[in-house]
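>>> Below is the sequence, then the predicted model.
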Amino acid sequence: MSHRAEAVEAGSGDAGVEGNSRLTGTVGVLLVVLLFAEGLTILSIRGLITLHLFIGLLLVPPVVLKIVATGYRFARYYTRAAPYVRRGPPHPVLRLIGPLLIVMTVVLLGTGVWLIVVGPDHAGLVLTAHQASFVIWFGLTAIHVLAHVRETVVLAAKDVRRPDPARPVPGRGVRTGAVALALVAGVALGAVVTPTATAWTTRSAAEGHR
């Protein structure tokens, strides 16, 4: 293989890494906004329980997309794919926090969905697990966001601005479509499932009128 061909192949691979980074950055910005909104509902959980449930369900598809994109990058790095090795690993502390954050996010959202299923009369340990996982998740998320906030915003902005013809990164439409699809799927999930959680919404409404 000629040096020119090797350079083209390396450039294509590095563009794939950059595309993955931009996707995780864009989803990251979306999640920060949604999680901030979800956090506000906790300040008045009884009065805002319906919105709390809806946003929690809306979060599920974007979170899945973020986990898939991040997991793909980790898998490619640890299988020694050259472009991902050239980009290098995250900071050791963040590599430790990352898997824990994924686990706690899954537990937090999973217990939240399960609470809708069992209802307030049988919440018990599920509610305790949901609340405990939130405390741990919040701490991990704070560290993760503070460490990545600048990089995340910069990466997300790159797919909003006009592409640089000198350094093209293909797949912009696919990345935008994936994020939009995750958001639409989240809205649909919230719209379909939230009305079924009447045991929670009516109970909170009744307690609010006492």
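Received it, and whenever you're ready, just let me know what you need. Residues are numbered from 1 along each chain as shown.

>>> What residues of the longest helix along the chain count as buried?
Secondary structure assigned by DSSP state H gives helix 3-42 as the longest helix of the chain. For helix 3-42, the neighbour count (16 or more other CB atoms under 10 Å) marks 13-32, 34-35, 38, 41 as buried. For the C-beta atoms, the positions are set from N, CA and C on the backbone; glycine is no exception.

>>> swap in stretch 171-190?
For stretch 171-190, burial by neighbour count (16+ other CB under 10 Å) applies to 171, 172, 175, 178, 179, 182, 183, 185, 186, 189, 190.

>>> Now render the residues you listed as JSON lines, adding secondary structure, pLDDT and distance to residue 107.
Below are the buried residues of stretch 171-190 laid out as JSON lines (DSSP: H, G, I helix; E, B strand; the rest coil; pLDDT from 0 to 100; distance: CB to CB, whole Å):
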{"residue": "171", "secondary structure": "coil", "pLDDT": "86", "distance to residue 107": "32"}
{"residue": "172", "secondary structure": "helix", "pLDDT": "86", "distance to residue 107": "34"}
{"residue": "175", "secondary structure": "helix", "pLDDT": "93", "distance to residue 107": "28"}
{"residue": "178", "secondary structure": "helix", "pLDDT": "96", "distance to residue 107": "25"}
{"residue": "179", "secondary structure": "helix", "pLDDT": "96", "distance to residue 107": "24"}
{"residue": "182", "secondary structure": "helix", "pLDDT": "98", "distance to residue 107": "20"}
{"residue": "183", "secondary structure": "helix", "pLDDT": "97", "distance to residue 107": "23"}
{"residue": "185", "secondary structure": "helix", "pLDDT": "98", "distance to residue 107": "21"}
{"residue": "186", "secondary structure": "helix", "pLDDT": "98", "distance to residue 107": "19"}
{"residue": "189", "secondary structure": "helix", "pLDDT": "97", "distance to residue 107": "18"}
{"residue": "190", "secondary structure": "helix", "pLDDT": "96", "distance to residue 107": "20"}
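
>>> any idea how far residue 196 is from residue 156?
Distance from residue 156 to residue 196, counting by CB to CB, to the nearest Å: 34 Å.

>>> My error: substitute residue 105 in the last question.
From residue 105 over to residue 196 the distance is 23 Å, taken as CB to CB.

>>> So if I had to pick from those two, which one is more boxed in?
Just comparing residue 105 and residue 196: by other CB atoms under 10 Å the higher neighbour count belongs to residue 105, 20 against 12.

>>> mean confidence for the longest helix of the chain?
Mean pLDDT, helix 3-42: 78.
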